[in-house]
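Participant: any chance you could fold what I've pasted below:
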Amino acid sequence: MTLNPVIGDESVPRSFSVEEIRDAFAATHDGYSSDELVISDRLREAFLKQLGIDPADPEKFAEQAAALHFLLKVRKSGKLDVRATRRNSVDVSVWNDTAEIAIRTVLDRHQVSIDDVLCDPRLRAELQDEATAIGQDAPPELIRKAVLRLRKIRRLRPELVLRVADWQTQVLTFDLDGIDLDSIPSQPGVYLFRSEEGYLYIGEAENLATRIAQHLDGSHNRGLAKRLSLAAADGHPPVTLELHAFAKNSPGSKTVMRRAYESELIRSREPKFNLRP
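Facilitator: Numbering: from 1, shown residues only. Sure thing, here's the model as predicted:
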């Protein structure tokens, strides 16, 4: 499985007034906050329909994202002026690891914000595709709620090394069950083994295809090797693979830079079977 959709949209979404957004929110939020409306299928659909936007129409996806972005902008500017009187206090901690991996994958792939992912229906669907690949029973609204909780506790802060250079990165994900090694690029890069338990192991390689084949043939890391051998067994969560493949003229083509990238990911994402750099 490879996930890397195009999210571009040539259409120009309509603009909204503060009053229009405020009135639509007041009529449909059912007492919940704007964040809750954005992640809830029911509230989001009602809000968009109030604005005359069909949530299921692909030609309206850009307009849908614009409306939700503007709702959050109005809230942040203090102009929403509609009280939230209800809270959805469901415990989503069991989904934290799955949500973190899924949202980081989408953010790294597209270089967008968390608000972009939650507002744009295409990125939102991609977030759920990634979450489902990690934990097949991942409930969409709880994954999105876990993302908001993780942001609130600052667990999703972007790594500095990813921001200070143009890495020219292609981010790909694969299910290890039945993976086709020919589909793995022979480029320099960083690789991440993941499961619903969290990040398992992060490494770097001059040739990703060769390095992944070595791991699957019997990893030098005994903890990872044992976990990979159990990946297809009953009762064990499946393992997925995330690749950050660098272009030839990327800073990541140099070993010292690639190792800096790898070390920063190990530091912030705390994989189970790595020694800390």
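Participant: surely residue 54 forms part of a helix?
Facilitator: No. Under DSSP: H, G, I helix; E, B strand; the rest coil, residue 54 sits outside any helix and is assigned coil.
Participant: contacting residues around it?
Facilitator: Going by C-beta atoms under 8 Å, 6 or more residues apart in numbering, residue 54 touches 48, 60. Glycine gets a C-beta too; all of them are placed from N, C-alpha and C.
Participant: look up how far residue 72 lies from it.
Facilitator: Distance, residue 54 to residue 72, using C-beta to C-beta, to the nearest Å: 21 Å.
Participant: then residue 198?
Facilitator: Here residue 198 is placed at a distance of 29 Å from residue 72 (C-beta to C-beta).
Participant: and the closest residue to residue 41 other than its chain neighbours, how many neighbours?
Facilitator: Leaving aside its sequence neighbours, residue 41 sits nearest to residue 141 (C-beta to C-beta, 6 or more residues apart in numbering; 6.5 Å). Burial measure for residue 141: 17 neighbouring residues, criterion other C-beta atoms under 10 Å.
Participant: can you tell me the SS state at residue 220?
Facilitator: Assignment for residue 220 (three-state DSSP): coil.
Participant: residue 20 versus that one, what's the distance?
Facilitator: Taking C-beta to C-beta, one finds residue 220 at 59 Å from residue 20.
Participant: what do you get for residue 190?
Facilitator: According to C-beta to C-beta, residue 190 stands 45 Å off from residue 20.
Participant: so between those two, which is more surrounded?
Facilitator: Relative neighbour count places residue 190 above the other of residue 190 and residue 20, with 25 against 16, counting by other C-beta under 10 Å.
Participant: tell me the strands beside the helix or strand containing that one, with direction?
Facilitator: Following DSSP states H and E, one finds residue 190 within strand 189-195. Strand 189-195 pairs in its sheet with strand 198-205 (antiparallel), strand 240-246 (antiparallel), by DSSP bridges.
Participant: and residue 170, how many neighbours?
Facilitator: Neighbours of residue 170 under the rule other C-beta under 10 Å: 16.
Participant: repeat for residue 157
Facilitator: Residue 157 has 9 nearby residues by other C-beta under 10 Å.
Participant: got a pLDDT number for the residue nearest the centre of the chain?
Facilitator: Central residue of the chain (C-alpha atoms, centre = their mean): residue 103, 1.8 Å from the mean position. As predicted, residue 103 sits at a pLDDT of 97.
Participant: give me phi/psi at it?
Facilitator: Torsion angles at residue 103 (phi, psi; degrees, to the nearest 10) stand at phi -70, psi -40.
Participant: quick one: it and residue 116 touch, right?
Facilitator: No. With contact defined as C-beta atoms under 8 Å, residue 103 does not reach residue 116; the gap is 11.0 Å.
Participant: wait, a helix at residue 217?
Facilitator: Yes. Residue 217: assigned to a helix according to three-state DSSP.
Participant: what residue ranges in the stretch 151-277 of the chain score low on pLDDT?
Facilitator: The stretch 151-277 of the chain contains residues with pLDDT under 70 at 232, 234, 276-277.
Participant: where do the helices sit along the protein?
Facilitator: Assigned by DSSP state H, the chain shows helices spanning 18-28, 34-39, 41-50, 61-76, 96-110, 114-119, 121-134, 140-152, 160-163, 208-218, 222-229, 255-269.
Participant: of all the ones you listed, which one is nearest residue 249?
Facilitator: Nearest of those to residue 249, taken as C-beta to C-beta: helix 255-269 at 12.1 Å.
Participant: tell me the contacts of the residue nearest to residue 41?
Facilitator: By C-beta under 8 Å, 6+ apart, the residues touching residue 141 are 39-41.
Participant: nice, that's everything, thank you.
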